[in-house]
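Enquirer: need a structure here:
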Amino acid sequence: MRKYWIFLIATLFLFPVCQKENKDLFTFGLFQVDDAPTLNSVRKGFLSALEEAGLLDGVNIRMVIRNGMGSIPEVQRIAQEFVSSHVDLIVPFSTPCLQAALHASSEIPIVFSSVANPFLAGAGRSVDDHLPNVTGISSRGPIKESLAFIKKILPGTKRVGTLWTPSELNSKYYLDLAREGAKEMGIEIIAVPVKNKSEVLLAAQVLMNKKIDVIYQISDNTINASFEAVSRMADENAVPLFGGALFSTNLGACAAMGWDFFEMGHRAGQVAIRVKNGESPAGIPIRYMKEVKLHLNLNAAAKQGVEFSKDILTQADEILRIEGKSRKDSATS
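Expert: Next up is the predicted model:
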């Protein structure tokens, strides 16, 4: 009994010490604008990089993870929360989160990921000329390559439809890139605006009445979070649907070109580790993803009236073949 009381008293004295030590751990303030599949993959990749380096939450680092759930005011509140709680590093996933982080602090180091154009968001002028407390990995997608791929698969394409979110700076940026690339190829971009994810289905229905040949859905956080609504309309109207992010083939696009967002987050995690270890963001160039991958969904293609040549099948990095199952086959197997 006496040993029990000694143990209890020792525990009570030690507990506040452990709490203090936990608060003294290097703290990451990580946040994303919503539950878009791309952002979730980026988060997983980021955390994977930290774990591989032996950095574990509650052991030798502290992770504070937040989600704005699609609300810009909430994203801004989270950024202010990170500043007031004195996190050591802010990690914004998405353009709205980067904008909020930049507005909240010019001193706390920031390592971003999944941001289409960090310079439009205010991070600096170029990959080397950026704010001294900011660096990261840009997600600028292969827009022109994707349009060229559509033209190759469907040479008669003239009118390409897409949804976009005017309140998202990255969405406007991608729409401008799409229009620029389409003009060079003799294609017209038909764009329907969306305010929030609850409007995606209705906007997709509106798009179907615009006499479009194909949908090329540019990647933005609002549409990504409700992509299945777009694929439903594409299937019901037998309109080919091409995605602006690889995840979209799992949600009904017949094909998509883009980046591995898990890898993107992993690379951002490696940069964050360098900053944690004392390197200044000022000396770390902002980087872009380069390895464009091609994913195909043959079941969706059949519904949407698209056939891929043997050459295209061989080029694909991943092919989803069976409806309702998660099995994915290598194109070369």
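Enquirer: what's the first-to-last distance across stretch 153-164?
Expert: End-to-end span of stretch 153-164 (Cα to Cα, to the nearest Å): 24 Å.
Enquirer: same question for stretch 285-300.
Expert: End residues of stretch 285-300 are separated by 40 Å (Cα to Cα).
Enquirer: mind checking how far it is from the chain centre?
Expert: 12 Å (Cα atoms, centre = their mean, to the nearest Å).
Enquirer: buried residues in it?
Expert: Across stretch 285-300, burial judged by 16 or more other Cβ atoms under 10 Å covers Ile286, Met289, Val292, Lys293, Leu294, His295, Leu296, Asn297, Leu298, Asn299, Ala300. (Each C-beta comes from the backbone N, C-alpha and C, glycine too.)
Enquirer: so what does the third one look like in phi/psi?
Expert: Dihedral angles of Val292 (phi, psi; degrees, to the nearest 10) stand at phi -70, psi 130.
Enquirer: wait, what's in contact with it?
Expert: Contacts for Val292 (Cβ atoms under 8 Å, 6 or more residues apart in numbering) come out as Pro142, Glu145, Met257, Gly258, Trp259.
Enquirer: please, where are all the strands along this structure?
Expert: 26-32, 61-67, 89-93, 110-115, 134-138, 159-164, 188-193, 214-217, 241-243, 255-258, 287-288, 293-297, 318-320, 328-329 (DSSP state E).
Enquirer: so, low pLDDT: which residues of the stretch 1-150 of the chain?
Expert: Scanning the stretch 1-150 of the chain with the threshold set as pLDDT under 70 gives 1-23.
Enquirer: all helices for it, in order.
Expert: Counting by DSSP state H, counting those that start in this stretch, the stretch 1-150 of the chain has helices at residues 2-23, 37-52, 72-84, 95-104, 143-153.
Enquirer: what sits up against the third one?
Expert: Counting contacts by Cβ under 8 Å, 6+ apart, the residues outside helix 72-84 that touch it are 29, 31, 33, 64, 66, 68, 90, 92, 96-97, 100-101, 103-105, 108, 167.
Enquirer: could you rerun that using 7 Å?
Expert: Under the criterion Cβ atoms under 7 Å, 6 or more residues apart in numbering, residues 29, 31, 33, 66, 68, 90, 96-97, 100-101, 103-105, 108 lie in contact with helix 72-84.
Enquirer: re earlier: out of the contacts of Val292, what pair is the most spread apart?
Expert: Glu145 and Trp259 (11.6 Å; Cβ to Cβ).
Enquirer: which of those two has more neighbours?
Expert: Neighbours per residue (other Cβ atoms under 10 Å) separate Glu145 from Trp259, with Trp259 holding more: 26 against 14.
Enquirer: ok, the closest residue to that one other than its chain neighbours - contacts?
Expert: The shortest distance from Trp259 to any non-neighbouring residue, by Cβ to Cβ, 6 or more residues apart in numbering, is to Met289 (4.2 Å). Each residue near Met289 by Cβ under 7 Å, 6+ apart is listed here: Ile137, Ser139, Trp259, Met264.
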